[in-house]
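A.B. asks: Whatever this is, show me its structure:
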Amino acid sequence: MKRVLSVLLAALTGSVAAPSSTDGPVTLLFRDIGGEAGITFQHHSAPEKKYIVESMSGGVALFDFDNDGLVDAYFVDSLTVDTAKDPKAARSALYRNLGHGKFEDVTDKAGVGHPGWGMGVCTADVDGDGWEDLYVTAIGGNHLYRNNHDGTFADITERAGVGGGGWSTGCGFADYDRDGDLDLFVSRYVKLDLDNLPEFGKGKTCEHRGIKVQCGPRGLPGMTDLLFRNDGNGHFTEVSEAAGVSDPRGYFGLGIAWFDANQDGWPDLYVANDSTPSFFYVNQKNGTFKEAAFPMGVAVSEDGAEQGGMGLAVGDYDGSGRLSLFKTNFAEEYNNLYHNEGDHFTDVSFRSQTAPSSLPYVGWGAAFLDYDNDGRLDILAVNGHVYPQMDQARLGASAGYHQRKLLYHNRGDGQFEEVAARYGSVLTDERVSRGMAVGDLDNDGRLDVVINDLDGRPQVLHNELADRGHWLIVKLKGKAPNTDAIGALVTVKAATRSQMRLVQSGTSYLSQEDMRRHFGLGAQLEADSVEVLWPDGTTSHVEKVKADQILEIAQGR
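C.D. replies: Below you'll find the predicted structure:
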């Protein structure tokens with residue numbers, strides 16, 4: 001408690017530096033190629049953000065919708081209070097990756113441009129035909145777009161029964177009941193009436209440090225969450241209440257993550273809640289879950305405070321063989337790094353040195369990624385406030401409305417060093433970021449980053465780091481209907497290091513990363529072994545794999 005307060009006091013008095021210092025010249029890591037790549041999408045948002053509903057959107061997905069081996073990009077757009085009754089006023093966008101750093105806008109042909117007031121996105125091969133389908137969360141009803149294999153999608157929401165309704169945010173597919181097909185969880189945020197919104201700056205929950213701002217989420221009614229069980233016939237049944245994941249108290253759900261935390265072979269579920277305790281649902285192996293966030297140590301901050309949870313990342317950053325959690329939060333609350341101890345988690349945010357630098361920022365998209373291929377997972381978090389009015393005040397420890405990114409380099413001893421400034425202005429330029437997805441856009445073995453920003457065009461950050469290690473990308477093909485092998489664990493051993501990655505649907509903040517699993521190998525020219533633990537418990541094993549390639553592994557071969 002004393003440590004948290006002392007670091008917050010340092011931030012309030014200005015002794016926590018904003019950009020990290022550099023020793024020597026700046027090194028080129030990322031270059032924003034969005035403009036030259038042909039990505040002209042721009043997120044729609046009201047400039048003054050008088051209502052919370054205008055501050056939260058912006059998921060992005062990286063997925064290969066046309067099966068050509070190149071990762072494509074989908075950006076979610078939103079409406080405003082003034083345009084809410086005109087669903088065509090906003091246009092989400094699908095860009096086909098043409099290779100050589102170029103993208104083509106194929107939104108109109110694909111038929112995925114107008115999901116309404118869009119929020120988030122996740123992908124999966126829902127029907128087991130080997131082609132990626134697209135699920136978009138929105139205000140007033142979500143959309144499931146089935147891939148037609150010809151560059152077009154069909155909206156099968158009504159037939160599938162996954163429309164949801166209300167203000168949906170995060171989403172992710174997983175086979176929680178291990179019957180072979182993929183189920184769907186959807187988090188929801190605030191219950192609101194667009195014709196009767198709380199007045200800007202009026203009321204206790206409509207001020208921030210004495211500044212009049214938008215209202216909420218505190219003081220507004222929350223919404224229950226949704227779990228759609230796949231019936232196996234193209235239809236889903238909503239079972240959240242029976243399964244124990246409905247959130248009857250109506251907390252404010254945002255980012256979600258499916259992963260087997262206790263290694264019992266059954267996927268568990270974590271939900272990042274805003275301004276309320278987060279949820280951790282332990283799979284009971286009988287179609288139900290037990291909420292155990294407090295005993296598991298992942299409900300609140302180290303000092304017991306509720307936090308404004310936004311985005312999530314899951315990864316084994318220290319080679320323990322267990323999946324840990326990283327969660328972004330509101331300003332002055334610090335981001336959480338929860339280390340998986342096997343039967344519980346420990347908040348190591350300050351011990352790992354990731355907490356202090358995060359205090360001034362409002363965090364959103366998050367990812368574990370090995371940006372320099374040294375074999376250790378680093379952390380990237382993107383930031384941006386919800387109150388444009390912060391630029392007129394700059395009170396307290398919070399940064400202004402536009403905020404820089406945080407890049408943490410894994411030192412290999414349980415600690416991280418914040419190094420964004422070491423890599424130049426692409427990371428330190430101040431933006432208003434929301435969704436973020438990581439993937440290798442050009443198959444060169446270096447991880448790229450795509451970010452959906454409010455009040456501007458997206459950032460397409462191409463990794464151009466010259467001094468980096470060897471690599472391996474593993475692409476899995478599971479048995480139908482789960483052809484993506486969602487829930488599979490891939491372990492690569494090279495020399496003395498063992499690395500593990502999880503195949504996920506629904507990542508970061510309301511986003512979807514490239515499902516192919518990337519491993520940095522450092523100086524190693526080959527991996528000693530690659531092992532896959534498939535979702536049904538079977539395994540595949542490959543030995544002596546050459547570095548610097550994309551390795552495809554099919555289940556059962």
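A.B. asks: So in terms of bridging, what pairs with residue 145?
C.D. replies: residue 134, residue 155 (DSSP bridges).
A.B. asks: Report the contact partners of it.
C.D. replies: Counting by Cβ atoms under 8 Å, 6 or more residues apart in numbering, residue 145 touches 111, 112, 133, 134, 135, 136, 153, 154, 155, 156. (C-beta placed from N, C-alpha, C; glycine too.)
A.B. asks: Next, the buried residues of stretch 31-51.
C.D. replies: By 16 or more other Cβ atoms under 10 Å, the buried positions in stretch 31-51 come out as 32-34, 37, 39, 41-46, 49-51.
A.B. asks: Inside strands: which ones of the residues you listed?
C.D. replies: Taking DSSP state E as the definition of strands, those contribute residue 32.
A.B. asks: Make TSV from the buried residues of stretch 31-51 and add pLDDT and distance to residue 383 to it.
C.D. replies: Formatted as TSV, the buried residues of stretch 31-51 follow (pLDDT from 0 to 100; distance: Cβ to Cβ, whole Å):
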residue	pLDDT	distance to residue 383
32	98	16
33	98	21
34	97	19
37	98	24
39	98	21
41	97	21
42	95	20
43	95	16
44	89	21
45	88	16
46	91	20
49	94	16
50	95	22
51	96	21
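A.B. asks: mind giving me TSV with the buried residues of stretch 31-51 and columns for distance to residue 129?
C.D. replies: Below are the buried residues of stretch 31-51 laid out as TSV (distance: Cβ to Cβ, whole Å):
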residue	distance to residue 129
32	36
33	33
34	32
37	30
39	28
41	28
42	33
43	31
44	33
45	36
46	40
49	41
50	45
51	41
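A.B. asks: and the nearest residue to residue 128 once chain neighbours are set aside, what does it touch?
C.D. replies: Spatial nearest neighbour of residue 128, excluding adjacent residues (Cβ to Cβ, 6 or more residues apart in numbering): residue 481 at 2.8 Å. Going by Cβ under 8 Å, 6+ apart, residue 481 touches 125, 127, 128, 180, 181, 182.
A.B. asks: quick one, what contacts the third one?
C.D. replies: Residues in contact with residue 128, defined by Cβ under 8 Å, 6+ apart, are 181, 480, 481, 482, 483.
A.B. asks: So which of those residues belong to helices?
C.D. replies: For these, not one is inside helices, with DSSP state H as the criterion.
A.B. asks: just the buried members of the residues you listed?
C.D. replies: Using 16+ other Cβ under 10 Å as the burial test, these include 181, 481, 482, 483 as buried.
A.B. asks: How is residue 242 assigned, secondary-structure-wise?
C.D. replies: helix (DSSP: H, G, I helix; E, B strand; the rest coil).
A.B. asks: Tell me, how many residues neighbour it?
C.D. replies: Residue 242 has 13 neighbours, counted by other Cβ atoms under 10 Å.
A.B. asks: what do you get for residue 256?
C.D. replies: So residue 256, with other Cβ under 10 Å, has 26 neighbours.
A.B. asks: Can you tell me how far it is from residue 204?
C.D. replies: Between residue 256 and residue 204 the computed distance is 29 Å (Cβ to Cβ, to the nearest Å).
A.B. asks: For residue 74, state which of the buried ones among the contacts of residue 128 is nearest.
C.D. replies: residue 483 (19.2 Å; Cβ to Cβ).
A.B. asks: Quick check: chain neighbours aside, which residue is closest to the closest one?
C.D. replies: Closest to residue 483 by Cβ to Cβ, 6+ apart is residue 125, at 4.6 Å.
A.B. asks: now do residue 168
C.D. replies: Closest to residue 168 by Cβ to Cβ, 6+ apart is residue 137, at 3.9 Å.
A.B. asks: Now do that neighbour against residue 146, distance only.
C.D. replies: From residue 137 to residue 146 the distance is 17 Å (Cβ to Cβ).
A.B. asks: between these two, who's got more neighbours?
C.D. replies: Taking neighbours as other Cβ under 10 Å, residue 137 and residue 146 compare with residue 137 leading, 29 against 20.
A.B. asks: Could you check how far the more buried one is from residue 214?
C.D. replies: Going from residue 137 to residue 214 by Cβ to Cβ gives 21 Å.
A.B. asks: same deal with residue 527?
C.D. replies: Relative to residue 214, and taking Cβ to Cβ, residue 527 is found at 50 Å.
A.B. asks: contacting residues for residue 246?
C.D. replies: Here residue 246 is in contact with 224, 225, 226, 227, 240 (Cβ under 8 Å, 6+ apart).
A.B. asks: What are the boundaries of the helices in this protein?
C.D. replies: Ranges of helices in the chain, per DSSP H, are 2-12, 34-37, 107-110, 157-160, 240-243, 293-296, 390-393, 425-428.
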